[in-house]
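**Student:** 3D model of this:
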Amino acid sequence: MQQIEFRVESRHGPFTFKALVHSPVSLDQFHLAPLEFYARHGGEVPSLPHHELEITEPGNVFFEQRVLHVHPSRKNQYHLMVCYPQRIASHKDALGIFRTWCLGTVLTIVEEIDLNTILGECDNDHALMEKKLLQRFAIKIEE
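**Tutor:** Numbers count the residues shown, from 1 in each chain. Predicted coordinates for the structure are as follows:
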């Protein structure tokens, strides 16, 4: 398990997000329920290898005040996971998903635009989404 972190800059100040990357080796180890979450929302249970992202920062109070793409872990309802119902095949993919999720979360907070809306405008092209967020809303990952 490895912790990852992104800091997102916006006109409304910076936001810091941290997550643990879990790499379950069996369906029993999934934090998000295979049938109730993945099959229902993503259409199928991910094959292994698969990775899941547990949000460690900001805390739960931050998420209780907003409607964001998070889902409680089936192992502990107070542990929030990034709501991503498709397979995340590698650690590199997990970094990319978390990066996009962080940017989309800030977009939702400061502009009240959902992550899926902007991704749809960009034909699910994450690099194009990042460019649009910078150009239109001055939202970017601090490098």
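
**Student:** Let's see stretch 67-76 as CSV, backbone CA atoms only.
**Tutor:** The C-alpha coordinates for stretch 67-76 follow below in CSV (Å, rounded to 0.1, in the frame of the first residue of the first chain):
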residue,chain,number,x,y,z
VAL,A,67,-21.9,15.7,-3.2
LEU,A,68,-18.7,14.3,-4.6
HIS,A,69,-17.5,11.1,-6.3
VAL,A,70,-16.8,9.1,-3.2
HIS,A,71,-18.1,5.8,-1.9
PRO,A,72,-17.8,4.2,1.6
SER,A,73,-15.5,1.2,1.9
ARG,A,74,-17.4,-2.0,2.6
LYS,A,75,-14.8,-2.8,5.2
ASN,A,76,-15.4,0.4,7.2
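
**Student:** Residues in contact with that stretch: which ones?
**Tutor:** Outside stretch 67-76, the residues that touch it by Cβ atoms under 8 Å, 6 or more residues apart in numbering are 30-33, 36-37, 54-55, 63, 78-84, 101, 104-105, 108-109, 115. Where C-beta positions appear, they are placed from N, C-alpha and C, glycine not excepted.

**Student:** which of those count as buried?
**Tutor:** Neighbour counting by 16 or more other Cβ atoms under 10 Å classes 30-33, 37, 54-55, 63, 80-84, 101, 104-105, 108-109, 115 among the contacts of stretch 67-76 as buried.

**Student:** sorry, back to before: helices - which of the contacts of stretch 67-76 land there?
**Tutor:** Counting by DSSP state H, the part of those found in helices is 63, 101, 104, 105, 108, 109, 115.

**Student:** residue contacts, the last one?
**Tutor:** For residue 115, the contact set (Cβ under 8 Å, 6+ apart) comprises 69, 100, 101, 103, 104, 105, 107, 108.

**Student:** what about the first one, how many neighbours?
**Tutor:** As a burial measure, the neighbour count of residue 69 was computed by other Cβ atoms under 10 Å and equals 16.

**Student:** how about the contacts of residue 115, which pair is most distant?
**Tutor:** Maximum pairwise distance among the contacts of residue 115 (Cβ to Cβ): 12.4 Å, between 100 and 108.

**Student:** and the helix or strand harbouring residue 5, how far out from the chain's middle?
**Tutor:** Using DSSP states H and E, the element containing residue 5 is strand 2-9. Averaged C-alpha coordinates place strand 2-9 at 11 Å from its chain's average position (Cα atoms, centre = their mean, to the nearest Å).
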